[in-house]
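Just need the structure, nothing else, for what follows:
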Amino acid sequence: MRQRIEEAIRKSKARYTEVRVEETSISRIVYRGRKLETIQATVDTGGIVRSLAPGGGWGTSVFNDLDDLPRRVEEALDCARAVGGRPVELAEVPPVVQEDRARLEEDFRGMDLGAKREVLRDYNDLMLAAGDGIRSTLALYQDRFQTIYYGNSLGTWVVEERPLVDIYCTAYAVVDGDVQPASESDTVANRGFEAVRGREALAEAAARRALAMLEASPVVGGVYPVVVNQNLAGVFVHEAFGHLSESDFISENPEAQKMMTLGRRFGRPILNIADSGVEAPGGALCGTHSYDDEGVAMQRTQLVREGVLVGRLHSRESAARMDERPTGNARAEDYRYPPIVRMRNTFVENGDTSFEDMVADIPLGVYALKSRGGQTCLGNFSFSSAYAYMIRDGRVAEPVRDVVLAGNVFETLGKVVAVGDDFRWDCAGRCGKGQGPGLPVGMGSPHLRIEDVVVGGK
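As a prediction, the model looks like this:
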């Protein structure tokens, strides 16, 4: 593989050429209710060539047959010549040579699909047996083993194996036409099928919470002090702040440039936010890799330090355009797409406030847990929590539902008055940015207390 890619790059007449080839195997199993809806295995191989013409922009060519590689290198240059326009400049990075191979305790590639199905069926049966109110379920298992080969005209050669396992359990509780879903999921990087075994608690928690939400009343809308748990805080900082830190967006949007000015204060000194491709507790997080998809070493990038904006996320192109250094954030969803600026593992750093102290002086508030979707537009956001509880006289009280949190991200960050001491990672999400169903990312945070949050309800 290396010889073929490097030979094709050497023959390129472009001022810069890179080739990324991916070999991917996936197995996927889905139960819907008692019905086995999907059981499949797929294998896919493909690649992409990117070239820069002298004095011009990017040209790309995608292929599925390695024998086409020399022709695709020529085609990418032809496309680059046709684009013209402002010349693309790239920040300089040193060439590297590295190969990272995965070591799995229980390699899912060698397992029979029937054995995988039996484990998922047991989790699905647990949800269905949790109570008469559970009328349907959705249980999903997916594994993916991806090998990335990357070379460029600087002399960089990187090989990385990226195993990933997903498990997803959703229970639907129904009474008198009222449907309440509840989901629990996990995505585990750099581990084998052992990460899926012994996850009965995941299925049981989904069913138990769906049944509990049937008894919960809709929250009364208003302005409250709100405590958000680690999952919801992580999703919030990813969606509402992380995307604003992606410099391809900033460099092309004058309004974003004004909002995301380095040195601007966004919060109190207790607030620290970072994005990292090198965090690896328990093996690795979904956004943890040695190099990004431009051959740039991943690193930890501080975004907010003691409440002040101090950093942004970059590809080589955006770094050159803004005269900053690349941060290893150029990521592509798969070989069909060029790399763009994407988050890796985005998180609020741990604080020093216990959960008990965080709620102790709240006479009436809301404790919101997990995200169930939302939307952002520049500085404004709206998020739904999967479930929630009222806080009364410093204690977590009755469950409530239909909790929607809304506001302006910059004002909200300024209202973070306590940061918990109970940091937790969450890798169950996917991040979309116009390139497909979503890129695996990590999110993390401790509990956060936010003052004066607009809560939508009845």
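
Walk me through the domains of this structure.
2-214, 218-456 (automatic domain parsing).

Just name the most buried of those.
Greatest average neighbour count among the domains of the chain goes to domain 218-456 (a mean of 20), per mean count of other CB atoms under 10 Å. C-beta coordinates here come from the backbone N, C-alpha and C atoms, glycine included.

so what's the residue lying closest to Asn350 once chain neighbours are set aside up against?
Among residues not flanking Asn350 along the chain, Phe423 sits closest, at 4.1 Å (CB to CB, 6 or more residues apart in numbering). Applying CB atoms under 8 Å, 6 or more residues apart in numbering, one finds that Phe423 lies in contact with 230, 347, 349-350, 444-446.

before we move on, the earlier item: now render the domains of the chain as a markdown table, adding mean pLDDT.
Converted to a markdown table, those look like this (pLDDT from 0 to 100):
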| stretch | mean pLDDT |
| --- | --- |
| domain 2-214 | 96 |
| domain 218-456 | 93 |
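
now the residue nearest to Asn350: how far from Gly444?
The gap separating Phe423 from Gly444 is 6 Å, by CB to CB, to the nearest Å.

on that earlier part again, out of the contacts of Phe423, who's nearest Pro281?
Lowest distance from Pro281 to those (CB to CB) belongs to Gly444, with 9.5 Å.

who touches the helix or strand in which the closest one is found?
Here Gly444 sits within strand 442-445, counting by DSSP states H and E. Applying CB under 8 Å, 6+ apart, the external contacts of strand 442-445 come out as 230-231, 233-235, 237-238, 279, 285-288, 344-348, 423-427, 429.

wouldn't Ile250 be in contact with Lys258 here?
No. Here Ile250 does not reach Lys258: they are 10.0 Å apart, not a contact under CB atoms under 8 Å.

does Glu74 count as helix, strand or coil?
The three-state label given to Glu74 by DSSP: H, G, I helix; E, B strand; the rest coil is helix.

measure it to Ala82 for me?
Distance, Glu74 to Ala82, using CB to CB: 13 Å.

next one: Gly263
In this view, Gly263 and Ala82 are 41 Å apart by CB to CB.

all helices of the stretch 251-400 of the chain, in order?
254-259, 316-321, 355-360 (DSSP state H, counting those that start in this stretch).

ignore the last one, the stretch 51-200 of the chain
Taking DSSP H, counting those that start in this stretch, the helices of the stretch 51-200 of the chain run over residues 69-83, 113-128, 200-215.

mind putting those in a markdown table, distance to Trp157 included?
A markdown table is the format used below for the helices of the stretch 51-200 of the chain (distance: least, CB to CB, whole Å):
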| stretch | distance to Trp157 |
| --- | --- |
| helix 69-83 | 15 |
| helix 113-128 | 34 |
| helix 200-215 | 40 |
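
what's the closest of the ones you listed to Gly155?
Closest to Gly155 of the helices of the stretch 51-200 of the chain, according to CB to CB: helix 69-83, at 16.4 Å.

what does the closest one rub up against?
Residues from elsewhere that reach helix 69-83, judged by CB under 8 Å, 6+ apart: 4-5, 8-9, 11-14, 17, 19, 47, 49-53, 56-63.

Just give me the closest of the contacts of Phe423 to Val453.
Among the contacts of Phe423, Ser445 lies closest to Val453 (CB to CB), at 15.8 Å.

Without its sequence neighbours, what residue ends up closest to that closest one?
That would be Ala233: by CB to CB, 6+ apart, it lies 3.6 Å from Ser445.

try Val304
Nearest residue to Val304, sequence neighbours excluded (CB to CB, 6+ apart): Ile273, at 4.0 Å.

returning to what we had before: would you check which pair of the contacts of Phe423 lies furthest apart?
Pairwise over these, using CB to CB, the maximum falls at Gln230 and Glu349, 12.4 Å.

out of the contacts of strand 442-445, which are inside strands?
Among the contacts of strand 442-445, the ones falling in strands (DSSP state E) are 345-348, 424-426.

Looking at those residues, spot the one nearest Arg300.
Asn345 (9.2 Å).

Could you find the closest non-adjacent residue to Val175?
Val175's closest residue in space is Leu214 (CB to CB, 6+ apart), at 5.3 Å.
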